[in-house]
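J.: Got a predicted structure here, sequence first:
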Amino acid sequence: MSGEGAPSVAHYREDAEQLPLQAFMDQHAHHFLVLHSGLKAPSVAAATLAEDRAFEAGALALSVFPVRRKPGSAFRFVSIGRTSNNDIVVADRSVSKFHAFFVQEGKSAVFDGGSANGTFVNGAAVPKRGDGEPVVLCPGDTLKVGAVEMSYLDAQGLVELARRWRH
């Protein structure tokens, strides 16, 4: 399953309720990928009534991936892929071993890493490094790596989501 081993939104709930936003970012990250189990093309920033009901019923499983480098990483970017040597590990067969990577060039942006199944932001293909400019990500965007779709959130969006989480 995609997202195995990733913390759920519930993991962040206590800190979201107790910490000021800057302290939350200092402890966790500034940006996150949120994987919705069972939902296609999620948009967490603009949650629907159906998603709210799913939260209340406990039917919505959310895995959260902080967009940050692992401690001791030698790279200047944040990698995403299927294998454990990536900063963000998405254990799905449609995801390449090294699928894509995030760069900080003023704003957070993403390149495809030469993946077999492509990387997409809001349905538009992301170029490989050297084949064009990276795609700048905005909170609420949908990032698709292989067949796995995730929402890209800033810390404020994750805090709001975590505060809504009932479990």
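T.: On my side now, so go ahead. Residues are numbered from 1 along each chain as shown.

J.: what stretches of this protein score poorly on pLDDT?
T.: 1-5, 36-61, 105, 165-167 (pLDDT under 70).

J.: quick one: the residue nearest the centre of the chain from residue 130, how far?
T.: What sits nearest the mean C-alpha location of the chain, by Cα atoms, centre = their mean, is residue 33, with 1.0 Å. For residue 33, the distance to residue 130 equals 24 Å [Cβ to Cβ, to the nearest Å]. In short, each C-beta sits where N, CA and C put it, glycine included.

J.: Contacts for stretch 100-110 next, please.
T.: Residues from elsewhere that reach stretch 100-110 (Cβ atoms under 8 Å, 6 or more residues apart in numbering): 31, 67, 75-81, 111-113, 115, 119, 121, 126, 133-137, 143, 145.

J.: and that stretch, how far apart are its ends?
T.: One end of stretch 100-110 sits 7 Å from the other (Cα to Cα, to the nearest Å).

J.: Give the buried residues for it.
T.: Residues of stretch 100-110 classed as buried under the neighbour-count rule (16 or more other Cβ atoms under 10 Å) are 100, 101, 102, 103, 108, 109, 110.

J.: which residue ranges form the helices in the protein?
T.: 9-18, 21-27, 49-57, 155-164 (DSSP state H).

J.: and those helices, which is most packed in?
T.: helix 155-164 (a mean of 19; mean count of other Cβ atoms under 10 Å).

J.: returning to what we had before: and the residue nearest to the centre of the chain, what does it touch?
T.: Residue 33 is in contact with 64, 65, 67, 80, 88, 143, 150, 151, 152, 153, counting by Cβ under 8 Å, 6+ apart.
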